[in-house]
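Enquirer: can you look at this prediction? I've put the sequence above it.
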2 protein chains.
Amino acid sequence: MTKSHSTPTFRPLYEQIKILITQSLVAGEWHPGEAIPSELELANRFKVSQGTVRKAIDELAAENILIRRQGKGTFVATHTEEHTQYHFLRMVEINGKKEEPLNEVLFCKRIKADSDIADRLELKRGSPVVLLRRLLKLSGEPVILDDIWLSATLFKGLSETMISEFDGTLYSLYETRYGTRIIRAEERIQAIAADAPTGELLNLAAGTPLLDIHRIAYTYGDKPVELRTSKCNTRHHCYLNELG
Amino acid sequence: MTKSHSTPTFRPLYEQIKILITQSLVAGEWHPGEAIPSELELANRFKVSQGTVRKAIDELAAENILIRRQGKGTFVATHTEEHTQYHFLRMVEINGKKEEPLNEVLFCKRIKADSDIADRLELKRGSPVVLLRRLLKLSGEPVILDDIWLSATLFKGLSETMISEFDGTLYSLYETRYGTRIIRAEERIQAIAADAPTGELLNLAAGTPLLDIHRIAYTYGDKPVELRTSKCNTRHHCYLNELG
DNA sequence: GAGTGGTCTAGACCACACC
DNA sequence: GTGTGGTCTAGACCACTCC
């Protein structure tokens, strides 16, 4: 590790360390849920002080990419654990309580990406994609209807039975079965009226106002890997958001 | 500053410094937009090392309470500046562009808090509150209808003309006129159908689906100071949210 | 040049988990 | 006890801003 201090394009050392650590994550050197080497080991490997490694890890922890546990080590974040598993689920009961969702897959089929889907997933037009439709039930009531698009190349062999038999969230499946960890997402929300088929699936009259959420989810390096539209019944639930 | 290391209730020094700095902010020792003393000065004042002050300020900066500017100093964050002024406005054009909103106050009157409003604002039932209704126009079109509740004691003398004559956002007015800085907020979003009067104000047919957003906004120390419901037309705009 | 925040280091010691 | 992350310190030097 060479310091680039006082060069024209100044990059702090700890940012370079961040990049190196991220590269190891992308390369799969450490898998979700596993411990990465201790700060001292990484400091030796990269030939920097512990404090510099520390700052790099601090930032990755702030981005929910790593998780620090005092006395135990630093771990690759995962959607599998209790605490983080519904990190991306914003729909809660109106009183604010998070409910364990029940997942029902309606279908899972292969299609060709139209230009819009291809653009957003950064694929070539006509590339094979998986289109997955599912219903999420909260407190026994169908609340969220999801349509999900994924690259069929990246998620080879994804099927209805595979999802149904998997114990955990979809993002947990992505990372355990395909090594793709979702680290952030962007959502655009609008209000729409339920059309007849959507109303039927959500057990609502056609015309009922729904939240229509368009999500793009990204893995390491801001690579988009999942497209999703969610239609949400807000009769007994709401989208909860913290602004800081 | 005494170290509480090795006491049964362990609190890191930098957290104590954070609290002291926050107290000075609440007390109005430094006003929004002003510089606070340098790290070295604060270190001397609190009898700790610069590094400890640094960590405290780092966290306050991460919470958007302070703003660091290399070579210039550390400043109290404000809603007045270009960069931060629409920090809490999530409605954007569908393509993602933030539009400068145009503010039209419909009324501003004194009422008594019912038990619900009083609870949420942590006031006594029947306390005087200001109810403010306004319309926000984005790209010339009425998009957001806000009803806003504030303690009339805290925001004494708030009036329609005062708001109309003020050059800046509402949160900027709160902090420059009343010394109350909003630091975070919580929003709950549902989809509803426009009723007739709302439809008229937003220039829509009754029954059109709208976003219905309930916001509670907090100042230092998690004290709720503003209640707000927004009805949003999502014909050409959407609520944009980053999940991390 | 002086003053500010930003980076990096080295070392001491504390808190926590596991054995 | 050993090893891990967490805190605190002191000091050197860099980058940026303003004079």
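Expert: Received, thanks. Residues are numbered from 1 along each chain as shown, chains lettered A, B, ... in the order given.
Enquirer: neighbours of A:Thr52, how many?
Expert: 21 (other Cβ atoms under 10 Å in any protein chain shown). In this view, the C-beta of every residue, glycine as well, is placed from N, C-alpha and C.
Enquirer: what's around A:Lys124, how many residues?
Expert: For A:Lys124, using other Cβ under 10 Å, the count is 9.
Enquirer: kindly apply the preceding question to A:Glu242 instead.
Expert: A:Glu242 is flanked by 9 other residues according to other Cβ under 10 Å.
Enquirer: do A:Gly168 as well
Expert: With other Cβ under 10 Å as criterion, A:Gly168 counts 15.
Enquirer: surely it and A:Gln85 touch.
Expert: Yes: using Cβ atoms under 8 Å, A:Gly168 is in contact with A:Gln85, at 7.0 Å.
Enquirer: now do the shared contacts for these two.
Expert: A:His79 (Cβ atoms under 8 Å, 6 or more residues apart in numbering or on different chains).
Enquirer: next up, phi/psi of the residue nearest the centre of chain A, please.
Expert: The centroid of chain A falls nearest to A:Ile182 when counting by Cα atoms, centre = their mean (3.1 Å). When read as degrees, to the nearest 10, the backbone of A:Ile182 gives phi -80, psi 120.
Enquirer: so it sits right up against A:Thr219, yeah?
Expert: Yes: contact status for A:Ile182 versus A:Thr219: in contact at 6.1 Å, counting by Cβ under 8 Å.
Enquirer: the longest helix belonging to chain A close to DNA strand C?
Expert: Longest helix in chain A, counting residues (DSSP state H): helix A:13-27. Yes: counting by Cβ under 7 Å from any atom of the strand, contacts between helix A:13-27 and DNA strand C involve A:Leu13, A:Tyr14.
Enquirer: which residues sit against that helix?
Expert: Looking at what lies outside helix A:13-27 - Cβ under 8 Å, 6+ apart - the contacts are A:1, A:3-4, A:30, A:36, A:42, A:46, A:48, A:52-53, A:55-57, A:59-60, A:65-66, A:76, A:181, A:220-221.
Enquirer: pLDDT wise, what is the nearest residue to A:Gly126 once chain neighbours are set aside at?
Expert: Using Cβ to Cβ, 6 or more residues apart in numbering or on different chains and skipping the chain neighbours, the partner closest in space to A:Gly126 is A:Lys112 (5.0 Å). Per-residue pLDDT puts A:Lys112 at 96.
Enquirer: what sits against A:Lys112?
Expert: A:Lys112 touches A:Gly126, A:Ser127, A:Pro128, A:Val129, counting by Cβ under 8 Å, 6+ apart.
Enquirer: domain ranges for chain A?
Expert: A:13-76, A:91-239 (automatic domain parsing).
Enquirer: turn the ones you listed into TSV, including distance to B:Ile192.
Expert: Output for the domains of chain A, formatted as TSV (distance: least, Cβ to Cβ, whole Å):
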stretch	distance to B:Ile192
domain A:13-76	33
domain A:91-239	5
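Enquirer: for stretch A:66-85, how far is the first residue from the last?
Expert: End-to-end distance of stretch A:66-85 (Cα to Cα, to the nearest Å): 14 Å.
Enquirer: please tell me how far the residue nearest to A:Gly126 sits from A:Asp146.
Expert: 21 Å (Cβ to Cβ, to the nearest Å).
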